[in-house]
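*Asks:* fold the stuff below for me.
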Amino acid sequence: MDTTKISQILRISKMYYELNMGQVEIAEKEGISKSSVSRLLKNAMDIGLIEVRVKESVLSYSELEKELTEKFPLRRAVIVPDLVGNRQVLLQDVCGALAEDLPRFLKNDSILGVHWGHTLAVLAKQLPSLRLKGVSVIQLSGGFSRAVYESGALDILKNFVDCVNGTGYQIPAPAMVDQSFIADAIKQDGQIKEILDMADRCHTAIFSVGNLERPSVLYEMGVINEDSYREIREMGGIGDCCSHFIDKSGNVLDEKLDSRVIATPLSVIKKIPNKMLIAVGKEKTEVIIAALKGGLADSLYIDAPTAEEILKQYQG
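*Replies:* Presented below is the predicted three-dimensional model:
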């Protein structure tokens, strides 16, 4: 598309959205038909020159948020309404809420830890552009896939790096290996050891949690198989947080199993000053409750139906 056409599209868009001119008035001013104005406005949206965002009305969930912060060791809870009954839209809305708040929590010369997965992939596409200096972005766990499956871990890391204008540090390894001695050896690699050491100084961490239902990212990546799923369930596992399988109290499920994980230890994650947990969907209720009980979150970003289900199921 040539610059003349782009200039016209921008001009028409400004008249319509910023000057509140009608399409007929714009058509007369530009010497084109009303249908051409409508088409050019659509073109502007299609090629990303303009963005229209529906910002939901402020629905008060203050009571729900208060209940969550009283029952769990949370500093804040942000609850997003389910306005249209569509899972993907709801996920985008919850991610949008976190992305909008992010500038309040990040600062210069700090370390940001991020995990990966479907929720983080959606969040990564909504990140703002922040003018920060000296920010290091580290992966909280390995993200390489054993199977023909793209976890998107590297793309997520890159998006966060671009967001903060920082430097990224990838863990070039799978989230879990077959034997603990293999994990120990990998963790001694200079690059990986540096990242794990940086996690001790991490100021903010952003991650989600996963339940044991399939489809599961860890399953699709070949990290665990059907037999492993069954064993984890029999041991009382209910899901994972940053590649660590946890029990109902939010603690490491099994030390032997966890010794095979290549990730920031759960004990280190719990000490990070600003832990931001984002999760959508009532099927994750049990694992969210476990993460909250285990002190794995300071800020919770969640949808209203799941928040209500948490409070319904939780027994302190």
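*Asks:* all strands for the stretch 51-200 of the chain, in order.
*Replies:* Secondary structure of the stretch 51-200 of the chain by DSSP state E, counting those that start in this stretch: the strands cover 76-80, 111-114, 136-139, 167-169.
*Asks:* closest to E309 out of the ones you listed?
*Replies:* Minimum separation from E309 across the strands of the stretch 51-200 of the chain (Cβ to Cβ) falls at strand 76-80, 12.0 Å. No exception for glycine: its C-beta is placed from N, CA and C like everyone else's.
*Asks:* who are the packing partners of the one helix or strand L300 maps to?
*Replies:* Take DSSP states H and E as the rule and L300 turns out to sit in strand 299-303. The elements that strand 299-303 packs onto, with contact taken as 3 or more Cβ pairs under 8 Å, 6 or more residues apart in numbering; DSSP states H and E, are strand 76-80, helix 87-101, strand 274-279, helix 285-293.
*Asks:* what does the last one rub up against?
*Replies:* To tie it back to what came earlier, the one meant is helix 285-293. By Cβ atoms under 8 Å, 6 or more residues apart in numbering, the residues outside helix 285-293 that reach it are 68, 72-74, 209-211, 238-241, 246-250, 277, 279, 297, 300, 302, 306, 309-310, 313-314.
*Asks:* check stretch 124-135 too.
*Replies:* So stretch 124-135 is contacted by 92, 95-96, 99-100, 102-103, 106-112, 155-156, 159-160, 162-167 (Cβ under 8 Å, 6+ apart).
*Asks:* using CSV, write out every CA atom in that stretch.
*Replies:* Only the C-alpha atoms of stretch 124-135 are listed here, as CSV (Å, rounded to 0.1, in the frame of the first residue of the first chain):
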residue,chain,number,x,y,z
ALA,A,124,2.7,-11.7,26.0
LYS,A,125,0.7,-10.3,23.0
GLN,A,126,-0.9,-7.6,25.1
LEU,A,127,2.1,-6.2,26.9
PRO,A,128,2.7,-2.4,26.9
SER,A,129,5.9,-0.8,25.8
LEU,A,130,7.7,0.4,28.9
ARG,A,131,10.7,2.8,28.9
LEU,A,132,12.8,1.0,31.6
LYS,A,133,16.5,0.5,31.9
GLY,A,134,18.6,-2.3,33.1
VAL,A,135,15.8,-4.9,33.4
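*Asks:* in that stretch, what counts as buried?
*Replies:* If you call a residue buried by 16 or more other Cβ atoms under 10 Å, then stretch 124-135 has these buried ones: A124, Q126, L127, L130, L132, V135.
*Asks:* may I see these organised as JSON lines, with distance to K293 added?
*Replies:* Below are these laid out as JSON lines (distance: Cβ to Cβ, whole Å):
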{"residue": "A124", "distance to K293": "28"}
{"residue": "Q126", "distance to K293": "29"}
{"residue": "L127", "distance to K293": "29"}
{"residue": "L130", "distance to K293": "32"}
{"residue": "L132", "distance to K293": "33"}
{"residue": "V135", "distance to K293": "31"}
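*Asks:* phi and psi next, for A263.
*Replies:* When read as degrees, to the nearest 10, the backbone of A263 gives phi -160, psi 170.
*Asks:* residues near it, how many?
*Replies:* Counted with other Cβ atoms under 10 Å, the neighbours of A263 add up to 27.
*Asks:* then the one 5 residues further on?
*Replies:* For V268, the count of nearby residues is 17 (other Cβ under 10 Å).
*Asks:* gap between the closest residue to L300 other than its chain neighbours and P128?
*Replies:* Spatial nearest neighbour of L300, chain neighbours left out: A77 (4.6 Å); criterion: Cβ to Cβ, 6 or more residues apart in numbering. Distance, A77 to P128, using Cβ to Cβ, to the nearest Å: 21 Å.
*Asks:* could you report the pLDDT at S60?
*Replies:* Per-residue pLDDT puts S60 at 59.
*Asks:* distance of W116 relative to G166?
*Replies:* W116 is 17 Å from G166, by Cβ to Cβ.
*Asks:* higher neighbour count, the two?
*Replies:* Regarding W116 and G166, a neighbour count based on other Cβ under 10 Å identifies W116 as having more, with 27 against 21.
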